[in-house]
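>>> let's see this in three dimensions:
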Amino acid sequence: MKQKKEKETMSERVSVNEAARILGMSPTSVRFQMKKKTLPIGRAVPPEKNGSSRWAFYIYRRMLNQVIGKEEDEGI
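Numbers count the residues shown, from 1 in each chain. Reported below is the predicted structural model:
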């Protein structure tokens, strides 16, 4: 059971708004820092790489937990 929870946490995605709330910053700041690669909570994919006209942001719960210092099994 614990292994399944770890796998879910590793792949669980978080919205930009949720990450901003957890980090105590604005969604715009989260996007800006991810684009500059100064906030290691996931990937910021530019439009030319994702076939869209907008940036795509992939934020992962596990990486966010590491940045805020939470253990894998702690809830947010």
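
>>> only C-alpha atoms for contact and neighbour calcs from this point on.
Noted.

>>> which stretches in the chain count as helices?
Using DSSP state H, the helices assigned to the chain run over residues 2-11, 16-23, 27-35, 47-50, 61-68.

>>> of all those, which lies closest to residue 41?
helix 61-68 (4.7 Å; Cα to Cα).

>>> buried stuff in the closest one?
For helix 61-68, burial by neighbour count (16 or more other Cα atoms under 10 Å) applies to 61, 62, 63, 64, 65.

>>> so for it, what's the average pLDDT?
Averaged across helix 61-68, pLDDT comes to 96.

>>> quick one: list the elements packing against that helix.
helix 2-11 (3 or more Cα pairs under 8 Å, 6 or more residues apart in numbering; DSSP states H and E).

>>> so for the helix it packs on, mean pLDDT?
Mean predicted lDDT for helix 2-11 stands at 57.

>>> for the residue nearest the centre of the chain, what are its contacts?
Nearest residue to the geometric centre of the chain (Cα atoms, centre = their mean): residue 59, 2.1 Å. With contact taken as Cα atoms under 8 Å, 6 or more residues apart in numbering, residue 59 is in contact with 13, 14, 15, 16, 19, 41, 42, 43.

>>> the closest residue to it other than its chain neighbours: how many residues sit nearby?
Leaving out its chain neighbours, the residue that sits closest to residue 59 by Cα to Cα, 6 or more residues apart in numbering is residue 42, at 4.3 Å. Neighbours of residue 42 under the rule other Cα atoms under 10 Å: 18.

>>> from residue 24, how far off is residue 42?
Distance from residue 42 to residue 24, counting by Cα to Cα, to the nearest Å: 17 Å.
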